[in-house]
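Colleague: Sequence plus the predicted model coming up.
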Amino acid sequence: QDPSRYEALVESQEAHLAALDRTPASALRDYARAEITLHLGLSQLMFRHLVMGGYHLRSGYHQMQAVVKRYPAFAPARKTLGVCEFAVDSLPEGYRWLLRLLGLNANVDTGLKNLALAAAQPSDFQTESQLYQALIREGYYKKPQEALLLIKRLTAQQPDNLLFAYLLVSVSKRQHDGDAALTAYRARPIGPAYLPVPYLHHMAADLLLYRGDY
């Protein structure tokens with residue numbers, strides 16, 4: 001979301017795609033190419049380059065469908081396709097025209113099935129798949145318990161993981177458990193090895209204001 005980094009980001013994504021095109025086909029190669037194409041499309045849409053962004057988003061989506069069809073046991077592709085299918089079918093009605101224009105069709109149930117397969121199968125992306133699955137159930141289906149249990153377990157296993165700490169603060173805050181959210185915020189890992197996450201401080205400030213600690 002930093003405009004000063006946009007041009008370099010797009011050039012890097014395009015360079016990686018060109019390198020992958022010169023690489024022999026495999027499940028990982030095809031998955032990486034589809035994943036980068038999706039990210040390229042999202043980057044372009046973020047900065048209102050709508051034509052190229054829509055083209056790359058559509059291309060990446062269809063590439064990921066092809067990867068799943070060609071390599072049905074490759075869990076990472078099911079993770080990304082599942083998230084895409086869920087996102088496409090759960091968009092508000094006002095965005096349906098854009099999906100029709102891009103030729104994107106999907107089904108929430110199919111997306112969740114793909115995500116469940118990725119979450120159940122050991123891979124480098126299993127934890128990410130489990131998090132997506134749990135957060136969708138928390139946010140979309142209003143079933144927070146699985147997300148809370150998973151993120152508490154991950155935070156306990158990896159107390160030096162700032163992403164897990166962020167998620168614990170965020171989910172606890174959404175579930176109106178301010179004490180747990182502030183405890184997680186204060187216990188988060190800090191130091192020069194970590195990128196700054198200003199939104200963490202924003203969430204903590206909100207919680208403190210709610211309790212009158214001005």
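Modeller: Arrived safely, thanks for sending.
Colleague: give me the element the residue nearest to residue 168 when sequence neighbours are not counted is part of.
Modeller: Closest residue to residue 168 apart from its sequence neighbours, by CB to CB, 6 or more residues apart in numbering: residue 184 at 4.1 Å. C-beta coordinates here come from the backbone N, C-alpha and C atoms, glycine included. Secondary structure assignment for residue 184, by DSSP states H and E: helix 178-186.
Colleague: How far off centre is the helix or strand just after that helix?
Modeller: Downstream of helix 178-186, the first helix or strand assigned by DSSP H and E is helix 198-210. Distance of helix 198-210 from its chain centroid, counting by CA atoms, centre = their mean, to the nearest Å, is 22 Å.
Colleague: relative orientation of helix 198-210 and helix 178-186 in degrees?
Modeller: Orientation check (axes from the mean of the first three to the mean of the last three CA atoms, to 10 degrees): helix 198-210 against helix 178-186 gives 140 degrees.
Colleague: Helix 198-210 - contacts with which helices or strands?
Modeller: Under the contact criterion of 3 or more CB pairs under 8 Å, 6 or more residues apart in numbering; DSSP states H and E, helix 198-210 touches helix 162-174, helix 178-186.
Colleague: Now mean pLDDT, mean neighbour count and distance to residue 93 too, for these, in CSV please.
Modeller: What follows is these, written out as CSV (pLDDT from 0 to 100; neighbours: other CB atoms under 10 Å; distance: least, CB to CB, whole Å):
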stretch, mean pLDDT, mean neighbour count, distance to residue 93
helix 162-174, 95, 21, 24
helix 178-186, 95, 17, 33
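Colleague: mind giving me JSON lines with these and columns for distance to residue 125?
Modeller: Output for those, formatted as JSON lines (distance: least, CB to CB, whole Å):
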{"stretch": "helix 162-174", "distance to residue 125": "14"}
{"stretch": "helix 178-186", "distance to residue 125": "24"}
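Colleague: Out of these, which gets nearest to residue 77?
Modeller: Closest of the helices and strands packed on helix 198-210 to residue 77 is helix 162-174, at 22.2 Å (criterion: CB to CB).
Colleague: And the contacts of the closest one?
Modeller: By CB atoms under 8 Å, 6 or more residues apart in numbering, the surrounding residues in contact with helix 162-174 are 131, 135, 138-139, 144, 147-148, 151-152, 154-155, 158-159, 178, 180-181, 184-185, 187-189, 194-195, 197, 199-200, 203-204, 206-207.
Colleague: what do you get if the cut-off is 6 Å, keeping everything else the same?
Modeller: 147-148, 151, 154-155, 158, 180-181, 184-185, 188-189, 194, 200, 203 (CB atoms under 6 Å, 6 or more residues apart in numbering).
Colleague: ok, of those residues, which come out buried?
Modeller: 147-148, 151, 154-155, 180-181, 184-185, 188, 200, 203 (16 or more other CB atoms under 10 Å).
Colleague: Out of these, which comes closest to residue 44?
Modeller: Nearest to residue 44 among these, with distances taken as CB to CB, is residue 200, at 28.2 Å.
Colleague: which residues touch that closest one?
Modeller: residue 166 are the contacts of residue 200 under CB under 6 Å, 6+ apart.
Colleague: That concludes my questions; thank you for your assistance.
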